[in-house]
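> only geometry, no sequence info:
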């Protein structure tokens, strides 16, 4: 029986202590289980944020791949999903993982090797430039692919940042205090979001959101 592409792990170039300081439960090995996804946190010189991912998929054999610049490990699904701990900052799951691409058409074609198909596309502006967002479902996580509105750019795609769903966004904002920006309406209708500031010490772009039913 086949199974849909799902994110299993993310390797993140960041200090585990900084993640603990902002309310994530991190074990002694630098592992942080968030929903069904395990983050492995480890500082790496001159690198920041998400570096690689492992994915459950049956569209290609287990092994190491480069998907339009995204370092990817394909693995077999585990029989038992790990139980996520309670995070003091109220985090429940990864809402979405953001990937930036200079050429969306090239990256979409490459992601199809993992069995991923676009769910929807949204056009918007960022810093005065027309942009597009293309969304994919990977288990409980949404993959948000962002790039220019024209498929003319050159270069590889790269991981950008993470947005987490929380129990109570106001409580999370209160817990983090000066380390988050103001809470505002998210792009997703009926949802709100706040962004972690650099003062928190993380090398990873992070945001916190209300759930779909909040």
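Yep, it's here. Everything quoted here is computed from the prediction, not taken from an experiment.

> at which residues are the helices of this protein located?
Secondary structure of the chain by DSSP state H: the helices cover 16-21, 104-111, 169-176.

> list the helices and strands the last one packs on?
Looking back up the chat, that one is helix 169-176. Applying 3 or more CB pairs under 8 Å, 6 or more residues apart in numbering; DSSP states H and E, one finds that helix 169-176 contacts strand 192-195, strand 205-209. C-beta: built from backbone N, CA, C; applies to glycine.

> Serialize those to a markdown table and add fields for mean pLDDT, mean neighbour count and distance to residue 168.
Shown next, in a markdown table, are these (pLDDT from 0 to 100; neighbours: other CB atoms under 10 Å; distance: least, CB to CB, whole Å):
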| stretch | mean pLDDT | mean neighbour count | distance to residue 168 |
| --- | --- | --- | --- |
| strand 192-195 | 95 | 18 | 11 |
| strand 205-209 | 96 | 21 | 10 |
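
> of all the ones you listed, which one comes closest to residue 76?
Nearest of the helices and strands packed on helix 169-176 to residue 76, taken as CB to CB: strand 205-209 at 29.7 Å.

> helices and strands around that closest one, which ones?
So strand 205-209, by 3+ CB pairs under 8 Å, 6+ apart, packs with strand 91-100, strand 158-166, helix 169-176, strand 192-195.

> residue 15 versus residue 91, what's the distance?
Per CB to CB, to the nearest Å, residue 91 is found 18 Å from residue 15.

> so which of the two has more stuff around it?
Neighbour totals were compared for residue 91 and residue 15, and residue 91 leads with 25 against 18 (other CB atoms under 10 Å).
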